[in-house]
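Asker: Next come a sequence and a model predicted from it.
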Amino acid sequence: MTRSSRPPGDRRVDPLLEVREKRRGKRPGDAYVRIVRPFEGAFQRGDDQGELIATEQTVLERAGWRGSLRRFRTRMIGRPIHSDLEEHERLTKVKGLAIFSSDNISSSAYGPEEIMRVLALAGTGALTLTLPLAGLITVMLAIVTLSYRQTIKAYPKGASSYLVATDNLGSGMGVLAAAALLIGYVVTVAVSVSAGVAALTSLAPQIYDQRVIITVALVLLLMLGNLRGIRESGTIFMIPTYAYIVVMLAIIAYGVARTITGDVAPFEAPAAWEGLEEGGQVLGLFLIFRAFSQGAVALTGVEAISDGVPAFKSPEWKNARTTLTWAAIIFGILFLGIAFLLTSIGIVPDPTEQQTVLSLLVRHLTGDGPVLVIAQVATALILVLAANTSFADFPRLSSFLARDGFLPRQFAFRGERLAFTTGIVALSLMAIGLLIGFNASVSGLIPLYTLGVFLAFTLSQGGMLVRWWRRREPGWKSGLAINGLGALTTAVVALVVGSSNFFQGSWLVIVLVPLLMLLLLGIHGHYREMDKTLALDRIPDKGEIAPRPIVIVPISRLDRPARQAIAFANSISTDAVAVHVTNDPATADALRDRWPEWAGSTELVVVESPYRALIGPLLAYMDALQRQAPDRPILVVLAEFVPNHWWENLLHNQTALRLKLRLFARRNTIVADVPYHAPRT
């Protein structure tokens, strides 16, 4: 039989999607072969033999309700981005500062306030310690920054605490660092968004009771922005970051100038705040430690840049180090400047938490005019967008963990916009749960914030100590000294935070980090076991043939879907068996009468079920068949009707669905679905 005379069901297909057409030339005897690629719009030929490259057309589905959903998704997050364009999605130092440093820089807005709220428990006289504590925190930031500059240079492809600790201290310490960081990133989103909304409620107290709803909406907005891809999120988030920096620098300069000239009157607390000066606690070492630990939240953003080194344009590590230095300098100026003005003017925190100390400071310096509005809006925006640091780093860290088998592997896959979609969505959902659980309270969330991050810091710096000592590279002594000081600093902060804030919420982190670590190790153990089970241990013999399956076709009645399933079964087996389970003998007799006419030589087995069960008798019949030939698998061919509308599925296929669920759990069983699509009317 020639190719052209083959029946439609027996025509040969070309796996590379090329159709060769024989053509005759103009002269007698001339002939040539014309190669046609009818699907060239969907696929392109690759450089290697047998390679096809899918185009954007294969992703953008256009027909039916799926096409409508696809178009809506494209409008929301943009068109798919080719993998070759990943380099163009990298960040400049200017955009990198906006994405990775907004967390660190924005904490200057609430860090001093958290120090003051603890000190105020001992009376307003204790607030004079705000500036010294802020200075100590800034010195520690300088030490940590120098340490992480060393880490970034040593790990130019990514200086995450997880990678550094794993490389130098072993897998267990790396997973511990990762667990601490994952929790820290979730809390970062909750704290930053809550603080941003607190800045807005200082301007508009009437929205204070709706703060949880507003914070949840903002997290969803951040999720959407990050699903669009890292470069677009950098462009979106760049303006608020730099607006906050410029506005705060201007206010600090203005406030310092007025303070030096004696042009600022001392702050007077409203009458409703009376009683604050009579703090109920003694200003002891424990209270000072607790105030320090609350303010140490300002150090938590340093890790972000080291995690995100691969996101920078080349040379990645140099750009990341420069950005880290810029961020530390900007934060130091803002943090110390705000703390100086708060202490000099005598601002006290609002005991009702409806106004932030930063809003009180700006209002005291500039009044209730447009400067206050601009400052609060800029503060709110950068605080909300500071959560974007976690949206940049949580998915990337999750991808590292998934790559190494500590998280489900879908966390390692990039979405259509080159973003780690699964990590972004998971972070959003967990942060929303935290916001709802803690009623979007900054003071309630802060104790959860610092401990995990500083634990990761300490493990990272400890890993660098081991690295310097092992390698003894040029400059190793200075590197050892810098990272040793960094490790000591972060370890001390972690101990202070854990002990002083234990009953305020740090205990929860102490419990959650080991639990998450056990979960990660459990996932890793599962993947290792599955890899051993699924690995190819030998090359199969050339003449090796798999056992021929026993093919059965369950049918409920003789109709078009059943006939199509039987035809498919006969195309792959010469001894397929149709099985009809029924509790109605009359229906079975009618089926037997029509069977030879419609199904030909295919054998029909009727299983009567007087107890009216369908699936149980069918599975028992399959067990009986398999006992006759234990080495042969059973292939179950299911006829499935596909209606025109999704809601019509509720009226069909329920038995088939239940049967599939049972069959998937049955060993040595293969399930083949043969869908029959309803004709369009």
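Answerer: Yep, that arrived.
Asker: Let me know the next secondary structure element after whatever helix or strand W598 lives in.
Answerer: Using DSSP states H and E, the element containing W598 is helix 585-599. The C-terminal neighbour of helix 585-599 among helices and strands, as given by DSSP H and E, is strand 603-608.
Asker: Just the residues contacting that following strand, thanks.
Answerer: 575-583, 585, 588, 591-592, 595, 617-618, 621 (Cβ atoms under 8 Å, 6 or more residues apart in numbering). Placement of C-beta: from N, CA and C, glycine included.
Asker: And the strands in this structure, which stretches?
Answerer: 19-24, 31-36, 43-45, 52-54, 550-554, 577-582, 603-608, 634-642, 669-677 (DSSP state E).
Asker: The fifth one - what's its average pLDDT?
Answerer: Strand 550-554 shows a mean pLDDT of 94 in the predicted model.
Asker: what's the domain layout of this structure?
Answerer: Taking automatic domain parsing as the domain assignment, the ranges for the chain are 1-73, 92-529, 550-677.
Asker: From S478, how far out is Y155?
Answerer: Remark: distance between Y155 and S478 (Cβ to Cβ, to the nearest Å) = 18 Å.
Asker: So between the two, which is more surrounded?
Answerer: Remark: of Y155 and S478, Y155 carries more neighbours, 20 against 11, as counted by other Cβ atoms under 10 Å.
Asker: ok, now which ones touch that one?
Answerer: 163-164, 167, 306, 309, 317.
Asker: Show me which pair in the residues you listed is furthest apart.
Answerer: D167 and W317 (15.6 Å; Cβ to Cβ).
Asker: more crowded one of the two?
Answerer: Legend: neighbour count by other Cβ under 10 Å for D167 and W317, higher for W317 (22 against 16).
Asker: Could you measure from that one over to G301?
Answerer: Computed as Cβ to Cβ, the W317 to G301 distance reads 19 Å.
Asker: Let me know how buried A567 is, in neighbour terms.
Answerer: Around A567 there are 17 other residues, counting by other Cβ under 10 Å.
Asker: What's the separation between it and V553?
Answerer: 10 Å.
Asker: circling back to that earlier point, which stretch among the domains of the chain comes nearest I539?
Answerer: Here domain 1-73 is closest among these (Cβ to Cβ), at 20.0 Å.
Asker: what about that closest one, average pLDDT?
Answerer: 64.
Asker: ok, back up a step: list buried residues within the contacts of strand 603-608.
Answerer: Buried members of these, scored by 16 or more other Cβ atoms under 10 Å, are 576-582, 588, 591, 595, 617-618, 621.
Asker: From the residues you listed, pick the one nearest G525.
Answerer: L618 (36.6 Å).
Asker: List the buried residues for stretch 150-161?
Answerer: 150-152, 154-156, 158-161.
Asker: what's the neighbour count on L222?
Answerer: A count of nearby residues for L222, using other Cβ under 10 Å, gives 26.
Asker: that older thread, pick the most deeply packed of the domains of the chain.
Answerer: Most buried of those by mean neighbour count (mean count of other Cβ atoms under 10 Å) is domain 92-529; its value is a mean of 21.
Asker: Now find how far off-centre that domain is within its chain.
Answerer: 19 Å (Cα atoms, centre = their mean, to the nearest Å).
Asker: Endpoint to endpoint, it covers what distance?
Answerer: Start-to-end span of domain 92-529 (Cα to Cα, to the nearest Å) is 42 Å.
Asker: I figured F438 was touching V187, is that so?
Answerer: No. Under the criterion of Cβ atoms under 8 Å, F438 is not in contact with V187, lying 9.6 Å apart.
Asker: shared neighbours, these two?
Answerer: L445.
Asker: Quick one: find the helix or strand in this structure with the lowest mean pLDDT.
Answerer: When the helices and strands of the chain are scored by mean pLDDT, DSSP states H and E, helix 64-77 comes last with a mean of 63.
Asker: Return the per-residue confidence for the residue nearest in space to the middle of the chain.
Answerer: Residue closest to the average C-alpha location in the chain (Cα atoms, centre = their mean): G423, at 1.0 Å. Model confidence at G423, given as pLDDT, is 93.
Asker: where's it relative to T602, distance?
Answerer: Relative to T602, and taking Cβ to Cβ, G423 is found at 51 Å.
Asker: ok, now G337?
Answerer: Counting by Cβ to Cβ - G337 and T602 are separated by 86 Å.
Asker: Then Q210?
Answerer: Taking Cβ to Cβ, one finds Q210 at 67 Å from T602.
Asker: Ok, T259 next?
Answerer: Distance from T259 to T602, by Cβ to Cβ: 95 Å.
Asker: what's the spacing between the nearest residue to V212 once chain neighbours are set aside and L515?
Answerer: Nearest residue to V212 in three dimensions, chain neighbours excluded: A440, at 4.8 Å (Cβ to Cβ, 6 or more residues apart in numbering). Distance, A440 to L515, by Cβ to Cβ: 25 Å.
Asker: same thing with A562?
Answerer: On the measure of Cβ to Cβ, A562 and L515 end up 52 Å apart.
Asker: any chance you could map the helices in the stretch 401-550 of the chain?
Answerer: Remark: helices assigned in the stretch 401-550 of the chain by DSSP state H, counting those that start in this stretch are 421-437, 442-471, 476-500, 507-534.
Asker: Now tabulate those helices in CSV and tack on distance to R117.
Answerer: Formatted as CSV, these follow (distance: least, Cβ to Cβ, whole Å):
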stretch, distance to R117
helix 421-437, 20
helix 442-471, 6
helix 476-500, 14
helix 507-534, 20
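Asker: for the stretch 51-200 of the chain, which spans come out with low pLDDT?
Answerer: Applying pLDDT under 70 to the stretch 51-200 of the chain flags the ranges 53-89.
Asker: Which parts of it are helices?
Answerer: For the stretch 51-200 of the chain, the helices defined by DSSP H, counting those that start in this stretch cover 64-77, 93-100, 102-106, 111-119, 130-154, 161-169, 171-203.
Asker: So for P351, which of these sits nearest?
Answerer: Once the helices of the stretch 51-200 of the chain are compared by Cβ to Cβ, helix 111-119 is nearest, at 9.0 Å.
Asker: Could you name the helices and strands sitting against the closest one?
Answerer: With contacts taken as 3 or more Cβ pairs under 8 Å, 6 or more residues apart in numbering; DSSP states H and E, helix 111-119 sits against helix 130-154, helix 285-295, helix 316-345, helix 357-366, helix 442-471.
Asker: before we move on, the earlier item: ok, the residue nearest to V212 - contacts?
Answerer: With Cβ under 8 Å, 6+ apart, A440 has these contacts: 190, 193-194, 197, 211-212, 215.
Asker: That concludes my questions; thank you for your assistance.
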